[in-house]
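> only geometry, no sequence info:
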Ligand SMILES: Nc1ncnc2c1ncn2[C@@H]1O[C@H](COP(=O)(O)OP(=O)(O)OP(=O)(O)O)[C@@H](O)[C@H]1O
């Protein structure tokens, strides 16, 4: 028997008062595709940090191929064991693919011991390396010009070139469309056949079933289950994650029966002839009080561009937007906010949060004017508001004063949503709001969007996730900048997916 690619046992890690890992274990066999799942804050990322040598555990033992893990701080040695392809790409955007591949390794390619970089040789080596792992990318291209998919392949090739035979994939499909996911999985299976092992972290349980042979579940910092994926009912997997038994998927987020409630009344949010050159063709939208409208579409279909135009992030080339009859200045985020549009961005890292600030401060960033007289902010009021949001959205935190940087990814996303809700928006626009959020929280967040609409506001969800779209009363499907289909409630997954792929 060959030794496990990685074996960890008794791993404990504390951050101040938070016990992030409590004596957990994990074994990934050589050439295995192993999923690690759990709710937001369960400890997955912390374990990855321990396995990749970024965090020193307080207790526990890690071995790679039966040998003890390298000494803490010996980065070069860790790189030969394991690599993590993060959601946020680690490649340097302004460098070429070749430079990124050999970052900090230039001396390998120089003729005189490391002082002169031989660019041509570097590019040739890069081309060979990419070809070896079947990655079709031009080594001379700038990293920033690559697609998400290409960047991930470059990172995987880089990791393998260090000798690592274990790769951690942290939500690798988050920004890929269906075809991209298929290509990624196909490559991963090929690499697996060559003996490369994968630790796959995802909140998309279907992907776990599609790709992995074994799954490990952590809950509240503890190991609760390791089992073969085949034959494990999805309900049991979710039960292990949540610690609850019984049916999931019920509750506020579920689709309403057809005709249960037809929103009536004057539209809250309206667009007339709204268009963005190169983004989307003219659209007339009318979202009524109580209505959740879905804008479905694959990457670059125009649905995200429209969502961003609604919130002022993009300046439309034609048309108007009104909220309760008030015209919104095109391309102005402050004016959209003032008009009553609440915005939940797709990418919390770029647009969402001030990481060094507390949960309370982040949750109230847009309502500072309501927290005290004359522009002052009263800490007690800020904390009260934050506490309400922490309870309502089930944010896992040690308290309102905890810096957001210490929250797990999914819990950070909840803070972003709290902030959008803080102003009691007339119209809420959420772009892929549940990316990185666990199954249970997903339901809660979508329930919150539903509740905002039920309170008399309008809501728009921009997404390609069927779970997000199921909450909607009406869904418009985009393809190449055009609306190609409209669905009331009662659509089937197959119909909507076909529409998003341009098949009508
Ligand atoms: N640097 C840190 N400082 C303080 N607390 C932290 C830090 N990193 C993680 N934690 C805490 O440790 C716990 C586990 O977090 P971790 O990021 O490992 O969860 P996760 O399972 O990866 O969640 P998600 O699915 O949301 O990414 C959380 O309660 C989190 O708030």
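Here it is on my side, so go on. Computed from a prediction, not measured in an experiment: that's the story for all the values here. Residues are numbered from 1 along each chain as shown.

> residues from the stretch 251-400 of the chain in reach of the ligand?
residue 396 (CB under 6 Å from any ligand atom). Heads up, the C-betas are built off the backbone N, CA and C, glycines and all.

> give me that answer again for 8 Å
Proximity of the stretch 251-400 of the chain to the ligand is confined to 396, 397, 398 under the rule CB under 8 Å from any ligand atom.

> And the helices in the stretch 301-450 of the chain?
Remark: helices assigned in the stretch 301-450 of the chain by DSSP state H, counting those that start in this stretch are 303-310, 333-338, 359-363, 379-393, 409-421, 439-454.

> domains for the protein, by residue range?
6-242, 269-500 (automatic domain parsing).

> Give me whichever of the ones you listed is most buried.
With neighbours defined as mean count of other CB atoms under 10 Å, the domains of the chain peak in mean count at domain 269-500, which reaches a mean of 20.

> Now do the strands in the stretch 1-150 of the chain.
6-15, 18-28, 33-37, 59-64, 67-68, 83-85 (DSSP state E, counting those that start in this stretch).

> Please render these as JSON lines that adds mean pLDDT to the earlier fields.
What follows is the strands of the stretch 1-150 of the chain, written out as JSON lines (pLDDT from 0 to 100):
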{"stretch": "strand 6-15", "mean pLDDT": "96"}
{"stretch": "strand 18-28", "mean pLDDT": "96"}
{"stretch": "strand 33-37", "mean pLDDT": "96"}
{"stretch": "strand 59-64", "mean pLDDT": "96"}
{"stretch": "strand 67-68", "mean pLDDT": "96"}
{"stretch": "strand 83-85", "mean pLDDT": "88"}
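
> any chance of those in CSV, plus distance to the ligand?
Listed next are the strands of the stretch 1-150 of the chain as CSV, based on distance: least, CB to the nearest ligand atom, whole Å:
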stretch, distance to the ligand
strand 6-15, 3
strand 18-28, 3
strand 33-37, 9
strand 59-64, 15
strand 67-68, 23
strand 83-85, 12
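
> Remind me what the host helix or strand of residue 273 packs against, helices and strands.
For residue 273, the host element (DSSP states H and E) is strand 269-276. Secondary-structure packing of strand 269-276 (3 or more CB pairs under 8 Å, 6 or more residues apart in numbering; DSSP states H and E): strand 280-287, helix 303-310, strand 318-323.

> What is the second one packed up against?
Pointing back at helix 303-310 there. strand 269-276, strand 280-287, strand 292-296, strand 427-431, strand 458-463, strand 474-479.

> could you dump those to JSON lines with mean pLDDT?
Shown next, in JSON lines, are the helices and strands packed on helix 303-310 (pLDDT from 0 to 100):
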{"stretch": "strand 269-276", "mean pLDDT": "97"}
{"stretch": "strand 280-287", "mean pLDDT": "96"}
{"stretch": "strand 292-296", "mean pLDDT": "96"}
{"stretch": "strand 427-431", "mean pLDDT": "94"}
{"stretch": "strand 458-463", "mean pLDDT": "96"}
{"stretch": "strand 474-479", "mean pLDDT": "94"}
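
> For residue 28, find the nearest of those strands.
Distance to residue 28, taken as CB to CB, is lowest for strand 458-463 among these, at 31.7 Å.

> Return the distance of the next helix or strand after that closest one from the chain's centre.
Using DSSP H and E, the helix or strand that follows strand 458-463 in sequence is helix 466-470. A distance of 15 Å separates the centroid of the chain from that of helix 466-470, by CA atoms, centre = their mean, to the nearest Å.

> do the same with stretch 228-242
Centre-to-centre, stretch 228-242 and its host chain are 22 Å apart (CA atoms, centre = their mean).

> Need the helices of the stretch 301-450 of the chain in a markdown table (columns: distance to residue 282 and mean pLDDT).
Formatted as a markdown table, those follow (distance: least, CB to CB, whole Å; pLDDT from 0 to 100):
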| stretch | distance to residue 282 | mean pLDDT |
| --- | --- | --- |
| helix 303-310 | 11 | 95 |
| helix 333-338 | 19 | 90 |
| helix 359-363 | 37 | 79 |
| helix 379-393 | 36 | 79 |
| helix 409-421 | 27 | 84 |
| helix 439-454 | 25 | 86 |
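
> Out of those helices, flag the one nearest residue 402.
Per CB to CB, nearest to residue 402 of the helices of the stretch 301-450 of the chain: helix 359-363, 5.5 Å.

> Give me the residue ranges of this protein where confidence is low.
The model of the chain has pLDDT under 70 over residues 1, 87-90, 104-118, 245-263, 347-352, 365-379, 504.

> Now do the same contact list for the closest residue to residue 334 other than its chain neighbours.
Nearest residue to residue 334, sequence neighbours excluded (CB to CB, 6 or more residues apart in numbering): residue 312, at 7.5 Å. Residue 312 is in contact with 328, 329, 330, 331, 332, 333, 334, 335, 336, 337, 341, counting by CB atoms under 8 Å, 6 or more residues apart in numbering.

> thinking the first one is in contact with residue 337, fair?
No - Residue 328 is beyond contact range of residue 337, at 9.7 Å (criterion: CB atoms under 8 Å).

> Show me what the strand holding residue 273 pairs with in its sheet, parallel or antiparallel.
Strand 269-276 has the following sheet partners, assigned by DSSP bridges: strand 280-287 (antiparallel), strand 318-323 (antiparallel).

> Give me the residues contacting it.
Under the criterion CB under 8 Å, 6+ apart, residues 281-287, 302, 305-306, 309-310, 314-323, 341, 426-427, 458, 460 lie in contact with strand 269-276.

> where's the nearest residue to residue 468 once chain neighbours are set aside relative to residue 430, distance?
Nearest residue to residue 468 in three dimensions, chain neighbours excluded: residue 461, at 5.3 Å (CB to CB, 6+ apart). For residue 461, the distance to residue 430 (CB to CB, to the nearest Å) stands at 5 Å.

> what's the answer for residue 319, then?
22 Å.

> repeat for residue 448
In terms of CB to CB, residue 448 sits 10 Å off from residue 430.

> quick one: common contacting residues for those two?
residue 417.

> rewinding a little: any chance of the strands paired with strand 269-276 in CSV with distance to residue 362 as columns?
Output for the strands paired with strand 269-276, formatted as CSV (distance: least, CB to CB, whole Å):
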stretch, distance to residue 362
strand 280-287, 27
strand 318-323, 25
